[in-house]
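Asker: below are the sequence and a predicted model for it; my questions follow.
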Amino acid sequence: MKKIVLLASTILLTVVIFITSISSVSAAQIRQNLSIIIDPRDSIKQDLVFDSLDIQEVIIINDNISINVSYSGGCKIHDFTLIGESRFVETLPVQGDIILSHNSNRDGCEMLRVDTLTFDLTPLKEAYLAAYPTNDGDNNSIIIRLVSGDQSYEPIEYQIK
């Protein structure tokens, strides 16, 4: 009987410790720049880290882009950075590449994390308006091509207002 009580106590203690550890890492452990960074000379891209992630969904509302991502982690803070180029591909509407960098900081945990990252696109809008100052308002949009490492997401239109 003592062995059963000891075994039950051990199991209960293990479950409590496990639940405590899950709740301590379930809070958002991400660090992100709140605004897109415009890289006029393509110099920032060479220093970016592209740890594994899956882009689930991308939505643009006004001047904000929300990117739903999933990745492995849970033990360390993950850094996310969004980089845009100041050059545009001359099409109608113009196209621009943006790059999502994910640095897991060598997080070895394998818990599935799902987060929504939101970035202000105003610097991209300002670069567009500097490049195309005389647009009449009818064609003020950019087709954004989002890339992260070797993964790309379907192009999405950003209306400049």
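Answerer: Nice, thanks for sending it over. All figures in this text were calculated on a predicted structure; none of them were measured in a lab.

Asker: can you give me the strands in the chain?
Answerer: In the chain, the segments counted as strands under DSSP state E are 30-32, 37-39, 54-61, 64-73, 78-85, 94-103, 111-120, 141-148, 151-152, 156-159.

Asker: not counting its neighbours along the chain, what's nearest L48?
Answerer: Spatial nearest neighbour of L48, chain neighbours left out: S101 (4.1 Å); criterion: C-beta to C-beta, 6 or more residues apart in numbering. Heads up, the C-betas are built off the backbone N, CA and C, glycines and all.

Asker: look up how far Y132 lies from that neighbour.
Answerer: Per C-beta to C-beta, to the nearest Å, S101 is found 27 Å from Y132.

Asker: any weak-confidence spans in this protein?
Answerer: 1-28, 41-43, 135-139 (pLDDT under 70).

Asker: go again using 90 as the cut-off
Answerer: For the chain, the stretches flagged by pLDDT under 90 are 1-35, 39-48, 74, 85-87, 91-92, 131-140, 149-152, 161.

Asker: tabulate the strands of the chain (JSON lines), appending distance to A127.
Answerer: Below are those laid out as JSON lines (distance: least, C-beta to C-beta, whole Å):
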{"stretch": "strand 30-32", "distance to A127": "20"}
{"stretch": "strand 37-39", "distance to A127": "5"}
{"stretch": "strand 54-61", "distance to A127": "16"}
{"stretch": "strand 64-73", "distance to A127": "15"}
{"stretch": "strand 78-85", "distance to A127": "7"}
{"stretch": "strand 94-103", "distance to A127": "8"}
{"stretch": "strand 111-120", "distance to A127": "13"}
{"stretch": "strand 141-148", "distance to A127": "9"}
{"stretch": "strand 151-152", "distance to A127": "21"}
{"stretch": "strand 156-159", "distance to A127": "12"}
